[in-house]
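*Asks:* sequence unknown, structure follows:
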């Protein structure tokens, strides 16, 4: 009388996180252990296998009930073959994750990149539950994303679908160069990094702002100053919100999702930020593509990755 | 020893066009007859049924070999129920096309909107043959579009996916209002209508251009003048190409298609236009999302609609 279990693994540079989900995407148990990245690929993969099995046994369930193990990895992946091609922050370059794990676990294994997996997690078990077409933004150091259509991840030709941080949205006249080498990418203005940069530039220019008193500026400082009425900070947050909303207007007529889900540190600014985004979105989106479309905060926080990795078997 | 047949119907205001395809999307036969729009919904639907059967019998094939009949209609549709909700140019408002045709034809019937169906036609049997992820632009009176992912049409929450003409891409400072009511939509600059408008504005301003000698200006006149070295015309075509290329840069990081297919009257400008589009596309698209991506002309012309309608059964 047991229901099936789906195991998701989120491989970070310091910690490997495991989540065990039921077929509806509810998170039943989590486990975390050290990645031991410095000990190399084989040790990392052994840890993935060990922590996955530990998590299921801590839940007092049998490994036989597990349908499969999904693994989310930040990097450039050969998804069909389950190989890590290039992982800038992990000692997994060229590692055949599938080939290593399948015999050890005796279960099917799927891999996918961390941004897609986090998006799927929110779509399947988080803020997108019950909605088949979702687009997820993660506003962190950069701007990550993922596109879920008919409940499934859109990968794209080079697995570059959902790279929402690189939507070229800032017009040339006010654009700066992105880390990717191109001009005007969304993440130059709407990531935490972009917000901090704009704030530091304003302080350096000697603009009249309370932010000039802040040491070691974080995006939260800028948002807090904006909420407290600082006009310079408010202008910066408004600019971040403006281009987010404008990028969603574009996405709305391309794939017309029912729900936009926004997570990551910057999203903690809450309704102050969301209201500005929604206003811009409706200003630039034809009503046919905006009707019934919601822009909502993510729900799963750091658990989105393990839930989405678990979901790869049903929704990948 | 017969292979299955798929029948596609493209319902226009004056003409109903039928195409019969094989399972690979090759067009075996076409038939055209008058819509008789003025005679009302029932007559239009009777004509659809009659022309579909005539086309198959002219091909000397049996109606028994037909797997289904797909119908492309310009308008707002209830696709699952096969009902036309609102068709601005056809007397089909509230017509239950599926319910009417299924008993008459004795075959499954599917309907979809004309832009999606044309995109599917190119993806299945035209310039996208063999490619699973394509994005199609049609540059005509407006700018239409369709998104094909994993070989299938992306409909979106309100069936507004692929409304590429309404990508808000022109910055506010140089934007005008679109017919949809919003500012800066792609079709204000990259449709035939947009190109003609910019040319007429330039002539009205007294700019020094050979286009001032043209009566009843068409987009082709502007393109021909640009190719012949007219600087004012060249600037207008370049602006149309610039925003097309920029919109593709955005689409590339959202769904990362392998191929962009461009059809419609304006696309007949050929390599002169395509080279400008490709240059802008590569300028604004990160290499991960542009690698191996092609921007090519449509192949099926006016037959894209019937081929795509036929393809609804395999790829809708």
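*Replies:* It's in. Here the structure is a predicted model, which is why all the values come from computation and not from measurement. Numbers count the residues shown, from 1 in each chain, chains lettered A, B, ... in the order given.

*Asks:* Is it correct that residue A:315 is in contact with residue A:154?
*Replies:* No. Residue A:315 lies out of contact with residue A:154 (Cβ atoms under 8 Å); the separation is 11.7 Å. Yep, even glycine has a C-beta here, placed from its N, CA and C like the rest.

*Asks:* which residue ranges form the helices in the stretch 1-150 of chain A?
*Replies:* Listed in chain order, the helices of the stretch 1-150 of chain A (DSSP state H, counting those that start in this stretch) span A:41-58, A:97-105, A:114-125.

*Asks:* picking that back up, spit out the residues that contact residue A:315 and residue A:154 alike.
*Replies:* Common contacts of residue A:315 and residue A:154, defined by Cβ atoms under 8 Å, 6 or more residues apart in numbering or on different chains, comprise residue A:148.

*Asks:* neighbour count winner among the two?
*Replies:* Between residue A:315 and residue A:154, residue A:154 has the larger neighbour count (other Cβ atoms under 10 Å in any protein chain shown), namely 25 against 20.

*Asks:* Which positions in the stretch 1-150 of chain A make contact with chain B?
*Replies:* Contact residues (Cβ under 8 Å from any Cβ of the partner chain) of the stretch 1-150 of chain A with chain B: A:76, A:133, A:147, A:149.

*Asks:* Save those residues as a markdown table, and put in neighbour count and pLDDT too.
*Replies:* Below are these laid out as a markdown table (neighbours: other Cβ atoms under 10 Å in any protein chain shown; pLDDT from 0 to 100):
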| residue | neighbour count | pLDDT |
| --- | --- | --- |
| A:76 | 16 | 88 |
| A:133 | 22 | 97 |
| A:147 | 29 | 98 |
| A:149 | 25 | 96 |
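
*Asks:* How many neighbouring residues does the nearest residue to residue A:25 once chain neighbours are set aside have?
*Replies:* Nearest residue to residue A:25, sequence neighbours excluded (Cβ to Cβ, 6 or more residues apart in numbering or on different chains): residue A:125, at 2.9 Å. The tally of other residues near residue A:125 (other Cβ under 10 Å) stands at 27.

*Asks:* Likewise for residue A:55?
*Replies:* Residue A:55: 25 surrounding residues under other Cβ under 10 Å.

*Asks:* what residues are up against residue A:29?
*Replies:* Residue A:29 sits next to A:19, A:20, A:55, A:56, A:58, A:59 when contact means Cβ under 8 Å, 6+ apart.

*Asks:* Kindly compare burial across the helices of the stretch 1-150 of chain A and name the winner.
*Replies:* helix A:114-125 (a mean of 31; mean count of other Cβ atoms under 10 Å in any protein chain shown).

*Asks:* And that one, how far out from the chain middle?
*Replies:* 7 Å (Cα atoms, centre = their mean, to the nearest Å).

*Asks:* Mean confidence (pLDDT) on that helix, please.
*Replies:* Taken as a whole, helix A:114-125 has an average pLDDT of 96.

*Asks:* Which secondary structure elements does that helix sit against?
*Replies:* For helix A:114-125, the packing partners by 3 or more Cβ pairs under 8 Å, 6 or more residues apart in numbering or on different chains; DSSP states H and E come out as strand A:5-11, strand A:66-73, strand A:134-139, strand A:143-149, strand A:152-153, strand A:259-263, helix A:304-315.

*Asks:* Looks like residue A:240 contacts residue A:196 (just checking).
*Replies:* No. Using Cβ under 8 Å, residue A:240 makes no contact with residue A:196, being 10.7 Å away.

*Asks:* the more surrounded of these two?
*Replies:* Each of residue A:240 and residue A:196 has its neighbours counted (other Cβ under 10 Å); residue A:240 has more, 28 against 19.

*Asks:* What ranges does the stretch 151-300 of chain A have for its helices?
*Replies:* Under DSSP H, counting those that start in this stretch, the stretch 151-300 of chain A gives helices at A:187-190, A:192-204, A:219-227, A:231-254, A:271-284, A:287-290.

*Asks:* Most tightly packed of the ones you listed?
*Replies:* Ranked by average neighbour count under the criterion mean count of other Cβ under 10 Å, these are headed by helix A:187-190 at a mean of 28.

*Asks:* Identify the bridge partners of residue A:144.
*Replies:* Beta-bridge pairing of residue A:144 under DSSP bridges involves residue A:138.

*Asks:* which residues sit in contact with the nearest residue to residue A:31 once chain neighbours are set aside?
*Replies:* Counting by Cβ to Cβ, 6+ apart, residue A:31 lies nearest to residue A:55, which is 3.7 Å off, once chain neighbours are set aside. Applying Cβ under 8 Å, 6+ apart, we find residue A:55 in contact with A:7, A:18, A:19, A:20, A:29, A:30, A:31.
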